[in-house]
Every structure is written in C-alpha cells, then in structure tokens.
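**Student:** fold the following for me, if possible:
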Amino acid sequence: MNIHFIAIGGSAMHNLALALHQKGDTITGSDDTIHEPSKSRLAEKGLLPTKMGWFSENITPKIDAVILGMHAKADNPELLKAQELNLKIYSYPEFLYEQSKNKTRVVIGGSHGKTTITSMILHVMNYHNIEVDYMVGAQLEGFETMVHLTSDNEFIVLEGDEYLSSPIDRRPKFHLYQPHIALLSGIAWDHINVFPTFENYTEQFKIFVDSVLHGGMMVYFTGDSLLKEIVENSKNPIKKYKYDTISHIIENGVTYLLSDEGRIPLQIFGKHNMQNLAGAQWICQLMGVDKSDFIEAIASFSGASKRLEKLAENDTSVLFKDFAHSPSKVQATVDAVKSQYPKKKLLACLELHTYSSLNATFLKDYKDTLSQADEAVVFYSPHAVSIKGLNEVSEQQIKKAFQKENLTVFTKATDFQKFILDGEFDNTALLLMSSGNYGGLDLEKLAMQFS
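**Tutor:** Here you go, the predicted model:
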C-alpha cells in the first residue's frame, strides 16, 4: 500500500510509519516540526520529509490511505485535499483496527498503569519467544519500535488510550478497537480539556466495557470501587476476572514477589506496580502463558521508559524520573519511592506541564499527593499557562492546593535548575516527575552527581 502520514513526527505516528515501512508498505509523510528521537529514526529509514510544512501537492490519487495524527488541524491543507479526492482517511486507532481485524485483540486501558501493564505483557511474551503484534506508548528494552504489525501473528496487544482519535474523529481511541480480551486498571479524571466533567470522563470507560466483543474477557482492578461498579453492572455478556495487589514484601530496598516458587526478587517496585503486575499476569494467562512461566519472565522486567526510571545511583542516594503528572499517578509514584527507600530522605519534584495540571479548577485534586515526601518542589511556567489559554495560576494557589508544609514553588526554569544542580543529595532519593522536560534540565549532568 501507498500510505501517507499527516503529522508523521509524533511519538506514536512515527512508530507506526516505521512499522509499516518494515512490513513493506510505501510510506510518505509530512509535519510542520519534528523533534528527536523521531527525526533521526525517520531519517535512518529514509522517511523524513524533505521540508517541513503541509503541502497539498503531497496528496495524489496514487495514495491508498491517509493516516491523520492529532497534531494536525481540521483545516490542514493536505487533509482537505485528501477529502477532495475522496481518499480513505484513517485515524491512528482506526488504522490499527483495520490491520488487526483477523487477530485476537488484547486492549489494556485505564487512567494509569496501561503503558506499564502493556510493557509487562510484551516483556513476558518476548522472554518466551511468543510472537505478537503490538502497540505500546513507551520504548521497551529489546524492542526496536513501539508498534509491530505482521500478517501472521495471532494476537495483537494494544495500549488503549482514552484520548481523542484525530482532529476529525472525536471518539476516544480505545472505543475503536473492539477487544476480545481487555483490562482496565482504574479511573482517575484526566484530559479535562476534552472531558470537562468527571461524569463525562467516566462514561468513556462504560462505553469501553460494552465494546468488548460478546463472549470476550474483561480483567479489572477491584481496588477501584468505581471501576468495579462499572464492570460488574455492565450487561455485556462477557467473562469478568478481577485482580488486586499481588503478594509481596520489601526488604533492604528490594521488592520480592511472594509465589509458590518462593520469594522472587523484582526490578520494579511500588504498590501500583504490584497491582499492574497482577493484571498483567491475568492477561498473560488468558493468552496462554501459565503462572509459573509468567513469574520466571517478569523477574527480569526493569520497567517501561520514563516510568520510575532509575537514572543514577551511588552508595547512599538514588535518582529517578517518572512520567507521573496526574494526581493519582503522582501520589502512587511518591508513595512507591518512600516505601522502597524508607530510610532515605525523599525529595519529590513535580513539574506541572499538562493542560489539566495547569488548570486552576483541577489543582485541588493534588491535595496530599506529595505528603509522603520529606521535601517537595513544584515547578511550573506561567508562560505555559498563558500559551494554553488558561487563567493565571499563582504560587499561593499551588501551595493551597497541595496542602504540603514547606512546599517550594518555582516559576522560572533557571531557578529550578539551579536548585536541583546545586543540591546536596546524601542519603537521598531524588524523584523527578513530569510529562515535560523540567524546563530543559540537563539530566545527564544531574546524574553525574550520583556517580
């Protein structure tokens, strides 16, 4: 097929482009800006656009399909030309569904943990040399791309994002997959720019549960009472499997899984990850991997990129970064590090970066999320607030929202960077949390302080 990507530079989009190129399709694409690592990875395969921008002449009748990314706008000239020529236009999830119509679709959803759970499943499958197609939202060790598509594999494992599908398709992505096997890890209000009320956000998960094919299977976390109610009240004729936190202990900074095979040391930690692990185990069993084989494989799982990723460690201190930005994710991550390193000082630094986190009405949901930190810092850019068209947020509002004694708030990237880079970190667990880049903080330079 001849396939053209509008907004090829995105994290998910460029990985799909690479996967289809590897599969043998002819790929072209466009974007107005492309950052690393997408730029280098596309260039290596000869897929980088020769010039940046949108050009209607890129769209010709020879194109079999157009894949439209969320970065594009509804008035994009290439999109308009494709519509004029009546070409087949897919959103990212629509195309994945088309590619997996004859496969057993396994979809991992939830407000938090879905990338990690998907990564765990893929790690186990890879460990046991079980070939599956997949799409996951993070780069994994041992996997060349975040998307893999074939004509032959029986299963496809998809991370089920609840965000919108494309500029012209306002349905959440995970509504389009029609899974045979599904998992939901929990519900915590997010993406308030498109789901302005909690009820509206919750409704998307009800629709997802009902989208599981009749006779299919739903795995769900019972520690979330709202999720439990939604799944158990669904009239969809599916099999339902519940999970909770898997049995484990923590000793001397190591988390051990308690199993029939004995105590298994893990490379991951945190109560939320013990819940993720329990969910992944259920899915792997439903895909044909028994419990003992799962445990053997999961012992070597070191985590997904940017999810409690250890950047550096010395005899007394350790440095982590994490993608956490929503309130539930922040609290789970802070609690995990404190539980794993109870004798170390925990310095938790959070950058408020997303539309939701910078929204004044949403801030109250961060109450007590940093309570387990011995010292806490919040960094945000007032400029970013204005760019997103939001009402101004003051330092006083931040402190009132978090309800954390001695909370330090930085509004200038240079001040935040100086605080971090000039810090003394003896007997400290330093935790950096953001979906952004901490105002351009040099993480390699910081990591050297722990060597």
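
**Student:** give the rounded mean pLDDT of stretch 91-106.
**Tutor:** Stretch 91-106 shows a mean pLDDT of 96 in the predicted model.

**Student:** now that stretch - C-alpha only, PDB.
**Tutor:** Extracted in PDB, the C-alpha atoms of stretch 91-106 (Å, rounded to 0.1, in the frame of the first residue of the first chain):
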ATOM      1  CA  SER A  91      -7.200   8.000  12.500                       C
ATOM      2  CA  TYR A  92      -4.300   6.100  14.200                       C
ATOM      3  CA  PRO A  93      -6.600   3.700  16.100                       C
ATOM      4  CA  GLU A  94      -8.800   3.200  13.100                       C
ATOM      5  CA  PHE A  95      -5.900   2.000  11.100                       C
ATOM      6  CA  LEU A  96      -4.700  -0.300  13.900                       C
ATOM      7  CA  TYR A  97      -8.100  -1.900  14.000                       C
ATOM      8  CA  GLU A  98      -8.100  -2.400  10.200                       C
ATOM      9  CA  GLN A  99      -4.700  -4.100  10.500                       C
ATOM     10  CA  SER A 100      -6.000  -6.400  13.300                       C
ATOM     11  CA  LYS A 101      -9.400  -7.400  12.100                       C
ATOM     12  CA  ASN A 102      -8.300 -11.100  11.800                       C
ATOM     13  CA  LYS A 103      -6.400 -11.100  15.100                       C
ATOM     14  CA  THR A 104      -7.300 -11.600  18.700                       C
ATOM     15  CA  ARG A 105      -7.200  -8.100  20.000                       C
ATOM     16  CA  VAL A 106      -6.000  -7.500  23.600                       C
END
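
**Student:** buried residues in stretch 309-319?
**Tutor:** For stretch 309-319, the neighbour count (16 or more other C-beta atoms under 10 Å) marks 309, 312, 317, 318, 319 as buried. In short, each C-beta sits where N, CA and C put it, glycine included.

**Student:** now do stretch 194-212
**Tutor:** 194, 195, 201, 204, 205, 208, 209, 211, 212.

**Student:** can you list these in TSV and add distance to residue 91 and secondary structure?
**Tutor:** Converted to TSV, those look like this (distance: C-beta to C-beta, whole Å; DSSP: H, G, I helix; E, B strand; the rest coil):
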residue	distance to residue 91	secondary structure
194	14	coil
195	18	coil
201	20	helix
204	16	helix
205	20	helix
208	16	helix
209	21	helix
211	16	helix
212	20	coil
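
**Student:** farthest-separated two in these?
**Tutor:** Spatial extent of these (C-beta to C-beta) is set by the pair 194 and 212 at 23.0 Å.

**Student:** not counting its neighbours along the chain, what's nearest the residue nearest the centre of the chain?
**Tutor:** When C-alpha atoms, centre = their mean is applied to the chain, the residue found nearest the centroid is residue 115 (4.6 Å). Among residues not flanking residue 115 along the chain, residue 137 sits closest, at 4.5 Å (C-beta to C-beta, 6 or more residues apart in numbering).

**Student:** the one you found reaches residue 161, doesn't it?
**Tutor:** Yes. Counting by C-beta atoms under 8 Å, residue 161 is a contact partner of residue 137 at 7.2 Å.

**Student:** check the buried residues of stretch 309-319 and tell me the two furthest apart.
**Tutor:** Top of the distance list for those (C-beta to C-beta): 309 and 317, 15.9 Å.

**Student:** for the protein, which helix is longest?
**Tutor:** helix 271-286 (DSSP state H).

**Student:** ok, residues contacting the next helix or strand along the chain from that one?
**Tutor:** Using DSSP states H and E, the next helix or strand after helix 271-286 towards the C-terminus is helix 291-298. Applying C-beta atoms under 8 Å, 6 or more residues apart in numbering, the contact partners of helix 291-298 are 120, 123-124, 127-128, 257, 259-261, 264, 266, 277, 280-281, 284-285, 289.

**Student:** next: stretch 135-145.
**Tutor:** 11-12, 15-16, 18-19, 22, 96, 114-115, 118-119, 122-123, 126, 146-148, 156-159, 161, 302, 304-307.

**Student:** pull up the distance across it, start to finish.
**Tutor:** Criterion C-alpha to C-alpha, to the nearest Å; first-to-last residue distance in stretch 135-145 is 9 Å.

**Student:** now it: buried residues?
**Tutor:** Buried, per 16+ other C-beta under 10 Å, within stretch 135-145: 135, 136, 137, 138, 139, 140, 143, 145.

**Student:** how much space between the fourth one and residue 308?
**Tutor:** I take that to be residue 138. In this view, residue 138 and residue 308 are 12 Å apart by C-beta to C-beta, to the nearest Å.

**Student:** swap in the fifth one?
**Tutor:** As for residue 139, its distance to residue 308 is 15 Å (criterion: C-beta to C-beta).

**Student:** which of the contacts of helix 291-298 are buried? Put it as a PyMOL command.
**Tutor:** Applying 16+ other C-beta under 10 Å to the contacts of helix 291-298, the buried members can be selected in PyMOL as follows:
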select buried, resi 120+123+124+127+257+259+266+277+280+281+284+289
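
**Student:** the residue nearest to residue 146 when sequence neighbours are not counted: neighbour count?
**Tutor:** With C-beta to C-beta, 6+ apart as the criterion, residue 146 has its nearest non-adjacent residue at 4.1 Å, and that residue is residue 15. Residues near residue 15, counting by other C-beta atoms under 10 Å, number 21.
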